[in-house]
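J.: how would this look folded up:
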Amino acid sequence: MLKSKPVVNVIRLSGVIAEAGRFGGGALNDATLGPLLERAFRKNKPKAVAIELNSPGGSPVQSSLIGTRIRRLSEELNVPVFAFCEDVAASGGYWLACAADEIYADDSSIIGSIGVISASFGFHELLQKQGVERRVHTAGQDKSMLDPFRPERPSDVKRLKALQKKIHDNFIAHVTNRRGDKIRDDKLFTGEVWVGQDAVDNGLIDGIAHLAPKMKQKFGDDIKLVVFGQKKSIFKRLGLGSSSDMLSNVEERIFWSQYGL
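T.: The predicted structure follows:
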């Protein structure tokens, strides 16, 4: 009887993390990734699941949902998870990396950005110059918090900071829980990023390595890598899209450009 080769199922997670329907349907979110993750953990009786990760972050909620699903499947099925970061695993992307049991990256990978950001614009002076009167009526005095068409209120900023702190605290708790005593310096939680070996030295990742050689090192040279990928629509495969897709592409580029990509 022939002995079957050990299998490592490979998932590629690349893109901005956002709710379903964003970025032309190409965003990473629990709704679209759920079935893919379920198949990758259950099919072929894998020795492990390896995640090729390339994400500048995005929604903290979707990051949490995806990461929680990965951990649940790993623990229920007793399948270890290895993350291999490519260009960038920052913010929510690093949240996903921390769902793995071990994290590896390239010498030039950008890692970290453990923080929370909110960015917008203020247009109230432009409206005044153009002679435009804006009329807004609400039930609830705080319904129009951070309205970009009126002067910024200190009370709004204070409440936003409080919300950001809660999300940041959740992020820190997740990283601390997953990385354990590998991370001992609170300065790692300031939103800064590290590259390659610096990320190893600071405990953010476990080493510099690429997927195939590392999986062979752990499971033998006869390991079989089975790739699981998301299905793209015919329009995506042909490079076609609507005007809203083009706007989404611009928004997506803003996420990546934070890291010079």
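J.: confidence score at residue 122?
T.: On the pLDDT scale, residue 122 is placed at 50.
J.: got it, and the one 10 residues further on?
T.: With respect to pLDDT, residue 132 has a value of 62.
J.: could you do residue 18 as well?
T.: Looking at residue 18, the pLDDT reads 83.
J.: same question for the one 10 residues further on.
T.: Looking at residue 28, its pLDDT reads 88.
J.: that one - how many residues pack around it?
T.: 26 (other C-beta atoms under 10 Å). Placement of C-beta: from N, CA and C, glycine included.
J.: residues contacting the closest residue to it other than its chain neighbours?
T.: Nearest-residue entry for residue 28: residue 17, 4.7 Å, with adjacent residues in sequence omitted and distances by C-beta to C-beta, 6 or more residues apart in numbering. Applying C-beta atoms under 8 Å, 6 or more residues apart in numbering, we find residue 17 in contact with 27-29, 55, 57-59, 62-63, 66, 92-93, 96.
J.: repeat that for residue 95.
T.: 57, 60, 63-64, 67, 171, 174-175.
J.: mind giving me JSON lines with these and columns for secondary structure and neighbour count?
T.: Listed next are the contacts of residue 95 as JSON lines, based on DSSP: H, G, I helix; E, B strand; the rest coil; neighbours: other C-beta atoms under 10 Å:
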{"residue": "57", "secondary structure": "coil", "neighbour count": "26"}
{"residue": "60", "secondary structure": "helix", "neighbour count": "19"}
{"residue": "63", "secondary structure": "helix", "neighbour count": "28"}
{"residue": "64", "secondary structure": "helix", "neighbour count": "20"}
{"residue": "67", "secondary structure": "helix", "neighbour count": "20"}
{"residue": "171", "secondary structure": "helix", "neighbour count": "23"}
{"residue": "174", "secondary structure": "helix", "neighbour count": "20"}
{"residue": "175", "secondary structure": "helix", "neighbour count": "22"}
